[in-house]
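**Student:** pasting the sequence and the predicted model now:
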Amino acid sequence: MVEEKLNLTKDVFEPLKARDQLNKERIATPALTFLQDAWRRLKKNKAAVFSLAVLLLIIALAVGSIWFSPHSPNAQNAAYANLPPKIGNGFWGFDGKAKVAGTMVDAYQQAGVPKGTYYILGTDYLGRDLLSRILFGTRISLLVAFVATFVDLVIGVAYGMFSGWYGGQVDNVMQRILEIISSVPNLVVVILMIVVFKPGIFSISMAIAITGWITMARLVRAQTLKLKEQEFILAARTLGEPTRKIALKHLLPNLSSTIIIQLMFTIPTAIFFEAFLSFIGIGISAPNASLGTLLNDGYKTFRFLPYQMWYPAIILSIIMIAFNLLADGLRDAFDPQARG
């Protein structure tokens, strides 16, 4: 057969536009890092974003009250004891009126409070401003929680990584130690800390920190056992990288999601435990305040002055709910496959 020769001229070809060609090769979605991708997913969770905003606002108000507080949190004025809430000229619920012998009276006028002086959330039985004490107490509760969480982060992560990395007999011994520590009730540890040290922030923080890191250590150990068999870890070991570099450069970044999520659950647990200890009288000592001591003070007069217990209880509830919602959102953001 004789092949037929094709006569191709330049008229047959149509030049491509440079812009169209570049658009075809352009990557539509920008490259995102792991944290950027997690933040993108977190922003889709409205409850988690709202909880984050609420927590940032509460932390900002609590910390900012060091410099800008309505009144001194420990300043006493017996003449102004148990004043109801009042804002400005007053409106329903915040008008400074209280029921005395079945009649609504202006408590501020009866107490001789100067015009223009008012207490937004009222005063307690010693005439101390309740709003200032709530801000102070929230700051103390957050401080105890963050100190305990920092110890949880340092000890728990290091212990879990060491145990999971070496495995074998080392892991077996370290896990038995964890079981011994976890078998001691937290309340017993708190009482021992109070016996050794005086009641206060340090003793409560240490008591929470001594047993609070166990869950973190177990989670990190489980993830380390899983990750150390992955190809990128085996490649690093084959190339002769030291264990310290592998832990900091390869293991820790891949453990970050587990660590962050656990921290978000640890903080509200520590806050609630501190509030419980202060409520039963073995926590923060007077005249300092925490959310637990405020609840204890308000509990005594709840039947007659319910606002003294309601306001610290509301703040504690908001903090607990917000941290848990944020932790759920972070869990879904860091590990979207974990959603049921």
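**Tutor:** That came in fine, so what should we check first?
**Student:** do a quick rundown of the strands in the protein.
**Tutor:** All strands of the chain, identified by DSSP state E, fall at 97-100, 103-106.
**Student:** figure out which of the ones you listed is closest to Arg41.
**Tutor:** Proximity to Arg41 (C-beta to C-beta) singles out strand 97-100 among those, at 49.4 Å. Every C-beta, even on glycine, is put in place using the N, C-alpha and C of the backbone.
**Student:** save the strands of the chain as TSV, and put in mean neighbour count and mean pLDDT too.
**Tutor:** Putting the strands of the chain into TSV (neighbours: other C-beta atoms under 10 Å; pLDDT from 0 to 100) gives the following:
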stretch	mean neighbour count	mean pLDDT
strand 97-100	14	74
strand 103-106	12	76
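**Student:** which residue sits closest to Val184 in space, ignoring its chain neighbours?
**Tutor:** Thr211 (7.0 Å; C-beta to C-beta, 6 or more residues apart in numbering).
**Student:** wait, which of the strands of the chain is closest to Thr149?
**Tutor:** strand 97-100 (40.9 Å).
**Student:** how many residues are close by the closest residue to Ile318 other than its chain neighbours?
**Tutor:** Excluding the flanking residues, the one nearest Ile318 by C-beta to C-beta, 6+ apart is Val54, at 6.6 Å. Residues lying near Val54 (other C-beta atoms under 10 Å) number 17.
**Student:** isn't Val54 up against Met320?
**Tutor:** No: checked against C-beta atoms under 8 Å, the pair Val54 and Met320 is beyond contact range at 11.6 Å.
**Student:** any idea which helix or strand in the chain has the lowest mean pLDDT?
**Tutor:** Ranked by mean pLDDT, DSSP states H and E, the helix or strand of the chain with the weakest confidence is helix 18-25, at a mean of 58.
**Student:** check contacts around the nearest residue to Gly93 once chain neighbours are set aside.
**Tutor:** Distance criterion C-beta to C-beta, 6+ apart; nearest residue to Gly93, sequence neighbours excluded, is Pro85 at 7.0 Å. By C-beta atoms under 8 Å, 6 or more residues apart in numbering, the contact list for Pro85 reads Gly93, Phe94, Gly96, Tyr119, Ile120, Leu121, Gly122, Tyr307.
**Student:** and if we set it to 6 Å?
**Tutor:** Phe94, Leu121, Gly122 (C-beta atoms under 6 Å, 6 or more residues apart in numbering).
**Student:** let me have the residues you listed in JSON lines, adding pLDDT, neighbour count and distance to Ile280 as columns.
**Tutor:** Listed next are the contacts of Pro85 as JSON lines, based on pLDDT from 0 to 100; neighbours: other C-beta atoms under 10 Å; distance: C-beta to C-beta, whole Å:
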{"residue": "Phe94", "pLDDT": "76", "neighbour count": "19", "distance to Ile280": "32"}
{"residue": "Leu121", "pLDDT": "85", "neighbour count": "24", "distance to Ile280": "24"}
{"residue": "Gly122", "pLDDT": "83", "neighbour count": "23", "distance to Ile280": "25"}
